[in-house]
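Undergrad: Need coordinates for the below:
(chains A and B)
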Amino acid sequence: MEEKKESLNFIEQIIEEDLASGKHNGRVLTRFPPEPNGYLHIGHAKAICINFETAKKYGGTTNLRFDDTNPTTEDTEYVDNIMKDIRWLGFDWNGEALYASDYFGQLYEYALDLIRKGLAYVDDSTPDEIAAMKGTPSEPGKSSPFKSRSVEENLDLFIRMKNGEFADGTRVLRANVDMTSPNMLMRDPIIYRIKKEHHHRTGDEWCIYPMYDFAHGQSDSIEGITHSLCSLEFIHHRPLYDWFIEKLGIFPSRQIEFARMNVEYMITSKRRLLKLVNEGYVSGWDDPRMPTISGMRRRGYPAAAIRTFCDKAGVARRENTIEINLLEACVRDEMNRTSQRAMVVLDPVKLVITNYPEFEIEYLEAENNPEDPDGGHRKIAFGRELYIEREDFMEDAPPKYFRMTPGADVRLKHAYILRCTGVDKGSNGEINTVYATYYSDSRSGSDTSGIKPKGTLHWVSAQDAMECEVRLYDRLFTVPDPVRDEDTDFLSFYNKESLRTLSGARMESGLQHCKPGDQFQFLRQGYFCADPDSTPGHLVFNRTVGLKDSFAKEVKS
RNA sequence: UGACCCAUGGUGUAAUUGGCAACACAGCAGAUUUUGGUUCUGUUAUUUUAGGUUCGAGUCCUAAUGGGUCAACCA
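TA: Numbering: from 1, shown residues only, chains lettered A, B, ... in the order given. All right, here's what the predicted structure looks like:
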């Protein structure tokens, strides 16, 4: 094998340097730390891939840790969905899922330690006062009058905070760092607050809860996380992250920040996604148009395609917006290899083959997947009356139209070559029936006709085919970046045609036994998957993504 | 009027760490094709600017410009 010069992303470079220097004895442990207060989306998928795949590459593992330090917003309901989504994406964490709340006791001890070292104090100021004393990014803050309390008084007050002697919001514990720091986060950040609320795991055991900065890094440290990979927005937290580790003298996890991934036509703001759901722009968090993992799953995006997409998007530290067509290319590439072919006519028009025996039915052999030699074959019914796609007939066709048009030859996939002989139109000009004759010696597999038509159409037997519902999904927004302008409501870019429902589609009858989640390529149409809304008598298919269509492109120009 | 991060084809990411700027997707042109799909071939297009160090700079230094981030008892 040729020696391949594999290029490393900057995180891998750091890890390889650590490996080379013998840091942590070559151990690599990462973590994925979701807050259980919402659904995972494409941005999380990226973070999941980076954390799990990076660790795996270096023989390490990844912890799943729920960052559940705010009882007001968090709930067990989200925990289960998050675990389901991560597993579906194809990743498995180290042992049981972990929780920051498991460390509340230890975190409390750390706080006591800081107080004893004179590095934390109880502040009785109101939230407004604390905010006012914080200063601004360009002006230094001012010290709280409570900053100089004695260790004994701080200890006493903090223990009483913990014992529930004070009302919510009346006191906080702050780290004693530097009110003049240009980094706002170093200006004596609040590390504990009083919240007499029920926690989804610890119940009513605690009435004080640590803030993110006093929970995340310490949790990393407790678990022995070697590389704590997070997005760029936490970069200003790193000095604090390191400060706590140093002052507490605990295991030195290292925080490394990467740029989060943005994708055209997708938004990831929890607030905005919630608005789409609550105001009925989509059917729910798993609407196939949503950028949530559950939405993409229902849409039919294969997990492997999402993983490939995240890999191909790369990892760096600059702002980025990935083109949606990269995602679609990954989805097509995966589904082309894996999905069974089927013939479904989305917008049917009747076709009668006038020289074909009236009551005859032939069963023709069709390959299930030309990309898969072991994919096998199936039989499909053929007869005198068929349905073809309405847009596959044109009475007055331009020269490069290779489909059904009077006087022209065209191949029916897996079947015969036809010559279009005429058309029957209603009074309004609508096409009712297309007429053709067939060449009996042109049957697929035993074609001796010598005719080479330019076009091949998909079709279904009028007698054998069954009705189904097809949902055509398109981008949720009319512009690639609907949130670029703060002054314009992103909903003004909502794509009203992002869902088109077709109720009269006709599918080859073999499809009737498919189960929700089954994926197909509908010949010449695109990739589809059976939706959970399907019932035995009424199948519903979602269009995952269309086929590349160079004809449509040509027509447009 | 502060601090921090970032700047390479249309998009994204590389460049063996100072030595001929490449890969993927997109685009364009062609070949193949019983899916206007797939596959294959070819092709267009790239280092923000100005200085400096150096035999040599995408890479190092300085500045400018542009973009991003930071003032929740959220994470």
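Undergrad: Report the closest residue of the stretch 351-500 of chain A relative to RNA strand B.
TA: Closest to RNA strand B within the stretch 351-500 of chain A is A:Ser444: 2.7 Å, counting by CB to the nearest atom of the strand. Backbone N, C-alpha and C define where each C-beta goes, glycine included.
Undergrad: okay, now that residue: neighbour count?
TA: 17 (other CB atoms under 10 Å).
Undergrad: Now do the contacts for the closest residue to it other than its chain neighbours.
TA: Of all residues beyond its chain neighbours, the one nearest A:Ser444 is A:His414 (5.0 Å), with distances taken as CB to CB, 6 or more residues apart in numbering. Counting by CB atoms under 8 Å, 6 or more residues apart in numbering, A:His414 makes contact with A:Leu364, A:Glu365, A:Ala366, A:Ile380, A:Ser444.
Undergrad: among the residues you listed, which two are most distant?
TA: A:Ile380 and A:Ser444 (10.8 Å; CB to CB).
Undergrad: which neighbours do these two share?
TA: Contacts common to A:Ile380 and A:Ser444, judged by CB under 8 Å, 6+ apart, are A:Leu364, A:His414.
Undergrad: If I look at whichever residue of the stretch 251-400 of chain A sits closest to RNA strand B, what pLDDT would I see?
TA: With CB to the nearest atom of the strand, the shortest gap between the stretch 251-400 of chain A and RNA strand B falls at A:Gly314, namely 2.6 Å. With respect to pLDDT, A:Gly314 has a value of 97.
Undergrad: for it, what are its contacts?
TA: With CB under 8 Å, 6+ apart, A:Gly314 has these contacts: A:Asn9.
Undergrad: Same question for A:Gly375.
TA: Listed by CB under 8 Å, 6+ apart, the contact set of A:Gly375 reads A:Gln340, A:Glu367, A:Asn368, A:Asn369.
Undergrad: change it to 10 Å
TA: A:Thr338, A:Ser339, A:Gln340, A:Arg341, A:Glu367, A:Asn368, A:Asn369 (CB atoms under 10 Å, 6 or more residues apart in numbering).
Undergrad: Against A:Asn432, how distant is the residue of the stretch 251-400 of chain A closest to RNA strand B?
TA: In this view, A:Gly314 and A:Asn432 are 54 Å apart by CB to CB, to the nearest Å.
Undergrad: for A:Phe146, same thing?
TA: Separation of A:Phe146 from A:Asn432 (CB to CB): 85 Å.
Undergrad: okay, these two: which has more neighbours?
TA: The neighbour comparison of A:Phe146 against A:Asn432 (other CB under 10 Å) goes to A:Phe146, with 17 against 10.
Undergrad: Go ahead and confirm that one touches A:Ala120.
TA: No - A:Phe146 is not in contact with A:Ala120 according to CB atoms under 10 Å; the separation is 11.4 Å.
Undergrad: Spell out which residues are contacts of both of these two.
TA: Residues touching both A:Phe146 and A:Ala120 (CB under 10 Å, 6+ apart) are A:Asn154, A:Arg174.
Undergrad: Can you get me a residue count around A:Thr308?
TA: The burial count for A:Thr308: 19, using other CB under 10 Å.
Undergrad: helix, strand or coil for it?
TA: Three-state call for A:Thr308 (DSSP: H, G, I helix; E, B strand; the rest coil): helix.
Undergrad: which residues sit in contact with A:Asp242?
TA: Residues near A:Asp242 by CB under 10 Å, 6+ apart: A:Gly217, A:Pro252, A:Ser253, A:Arg254, A:Gln255.
Undergrad: How about the last one, nearest residue that isn't a chain neighbour?
TA: Translated: A:Gln255. Nearest residue to A:Gln255 in three dimensions, chain neighbours excluded: A:Ser228, at 4.6 Å (CB to CB, 6+ apart).
Undergrad: pLDDT weak spots in chain A?
TA: Across chain A, the ranges flagged by pLDDT under 70 are A:1-5, A:556-557.
Undergrad: and the stretch 301-450 of chain A, which of its residues are near RNA strand B?
TA: Counting by CB under 7 Å from any atom of the strand, the positions of the stretch 301-450 of chain A adjacent to RNA strand B are A:312-323, A:325-326, A:329, A:332-333, A:336, A:341, A:369-371, A:400-403, A:411, A:413-414, A:442-445, A:447.
Undergrad: Buried only: go through the residues you listed for me.
TA: Buried subset of these (neighbour count, 16 or more other CB atoms under 10 Å): A:313, A:315, A:322, A:329, A:332, A:341, A:369, A:401-403, A:411, A:413-414, A:442-444.
Undergrad: Among those residues, which lie within strands?
TA: A:Ile322, A:Arg341, A:Arg411 (DSSP state E).
Undergrad: Tell me the spacing between the last one and A:Tyr99.
TA: Noted for A:Arg411: a distance of 61 Å to A:Tyr99, by CB to CB.
Undergrad: before we move on, what about the first one?
TA: Distance of A:Ile322 to A:Tyr99, given as CB to CB: 32 Å.
Undergrad: Export only the CA atoms of stretch A:170-189, formatted as CSV.
TA: Once non-C-alpha atoms are left out, stretch A:170-189 reads as follows in CSV (Å, rounded to 0.1, in the frame of the first residue of the first chain):
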residue,chain,number,x,y,z
THR,A,170,-31.0,36.7,47.7
ARG,A,171,-27.4,35.5,47.7
VAL,A,172,-24.8,34.0,45.4
LEU,A,173,-21.4,32.5,45.7
ARG,A,174,-18.8,34.2,43.5
ALA,A,175,-15.3,33.3,42.5
ASN,A,176,-12.8,35.8,43.8
VAL,A,177,-10.9,36.5,40.6
ASP,A,178,-10.4,40.0,39.1
MET,A,179,-13.0,42.6,38.6
THR,A,180,-10.7,44.6,36.2
SER,A,181,-10.1,41.7,33.8
PRO,A,182,-10.8,42.6,30.1
ASN,A,183,-12.4,39.2,30.1
MET,A,184,-15.9,39.7,31.5
LEU,A,185,-16.1,36.1,32.6
MET,A,186,-13.2,36.6,35.0
ARG,A,187,-14.9,39.5,36.8
ASP,A,188,-15.8,37.4,39.8
PRO,A,189,-18.2,35.0,38.1
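Undergrad: what about that stretch, near RNA strand B?
TA: Yes - looking at stretch A:170-189 against RNA strand B by CB under 7 Å from any atom of the strand, the contacts come from A:Thr170, A:Arg171, A:Val172, A:Pro182, A:Asn183, A:Met184, A:Leu185.
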